[in-house]
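A.B. asks: Below are the sequence and a predicted model; questions follow.
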Amino acid sequence: MPPTDKPPINVDYFQDLTGDIDTCDDACREQIGDRIKRLREEKGLSIIELSQLTGFAPETLQAIEDNAISPQLGTIIKLSKALDSALQRLLSSDGEGEKLYTVTRRSERKASSRSASLRTRRPGYSYMSLAPEVKGRHMEALLVQLEADDDDERSVHGGEEFIFVLEGTVALNIGEERFVLEPGDSAYYLSTTPHVLTARGGRAKILAVIYSD
């Protein structure tokens, strides 16, 4: 076979495909709190009643609705269940979606949202929905940018998750085990198992597919 100068395929090429995730500004963060409050009021629930349904302290829920903190994705999933709402109604200002299918061009991707630890309130990650317009779906495909964080606050919620590392190094702590994932590595787990994802040594980027039952 004749020699070739073509380099072998490397997962680093995903960087060109995904691009950067824009930092969530104040308007982006406020939309999440506003939507949670609106859905709670539509259900006729008080902060105390929502606290009893989710296990989150009333003070934490009030801070989320006041946009003082940005909830983690696991927190948003729990809230969507308690509010009998599609997850996308909380993730996106566009609502649940009305299409039977969608093709999302890179230039058409929706603005990202930012989440933070409920304990330390430090930013943990930013995420961008990749398929926000399909109605009645049970999966969420997200591009997630992880930040380095020493906090070990575990997330527990219903459903299943698949992650694929695109850039950087990711620490996955799940159950009693800890894994270090490099670009090209992936993991699939039940979201009912306590888990946390963080970047090691800076930032990392992953593709996350979440099945919400």
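C.D. replies: Sure thing, it's come through.
A.B. asks: And what about A68, helix, strand or coil?
C.D. replies: coil (DSSP: H, G, I helix; E, B strand; the rest coil).
A.B. asks: Tell me, what's the model's pLDDT at it?
C.D. replies: A68 carries a pLDDT value of 81.
A.B. asks: Same check on I163?
C.D. replies: Looking at I163, the pLDDT reads 96.
A.B. asks: Where do the helices of this protein begin and end?
C.D. replies: 14-18, 26-42, 47-54, 58-65, 73-82, 87-91 (DSSP state H).
A.B. asks: Of those, which is nearest R178?
C.D. replies: Smallest distance to R178 across these (Cβ to Cβ): 18.2 Å, for helix 73-82. All C-beta spots, glycine's among them, are computed from the backbone N, C-alpha and C.
A.B. asks: list the helices and strands the closest one packs on?
C.D. replies: Under the contact criterion of 3 or more Cβ pairs under 8 Å, 6 or more residues apart in numbering; DSSP states H and E, helix 73-82 touches helix 47-54, helix 87-91, strand 113-116.
A.B. asks: Next, the contact list for the most centrally placed residue in the chain, please.
C.D. replies: Note on the chain: the residue nearest the mean C-alpha position is L73, at 4.4 Å, using Cα atoms, centre = their mean. Going by Cβ atoms under 8 Å, 6 or more residues apart in numbering, L73 touches S115, Y125, Y127, L142, S155, I210.
A.B. asks: Those residues in strands, which ones?
C.D. replies: S115, Y125, Y127, L142, I210 (DSSP state E).
A.B. asks: which one of these is nearest V196?
C.D. replies: Using Cβ to Cβ, Y125 comes nearest to V196 of the ones in strands among the contacts of L73, at 10.6 Å.
A.B. asks: I figured that closest one hits A148, correct?
C.D. replies: No - look at Y125 against A148 with Cβ atoms under 8 Å: they stay out of range, at 10.5 Å.
A.B. asks: Could you check which of those two is surrounded by more residues?
C.D. replies: Y125 (27 against 16; other Cβ atoms under 10 Å).
A.B. asks: Could you measure from that one over to K135?
C.D. replies: Y125 sits 27 Å away from K135 when distances are taken as Cβ to Cβ, to the nearest Å.
A.B. asks: Repeat that for L100.
C.D. replies: 7 Å.
A.B. asks: Comparing the two, which residue is more hemmed in?
C.D. replies: K135 (14 against 9).
A.B. asks: how much space between the more buried one and D149?
C.D. replies: Using Cβ to Cβ, one gets 35 Å for the distance from K135 to D149.
A.B. asks: next one: L181
C.D. replies: The gap separating L181 from D149 is 16 Å, by Cβ to Cβ.
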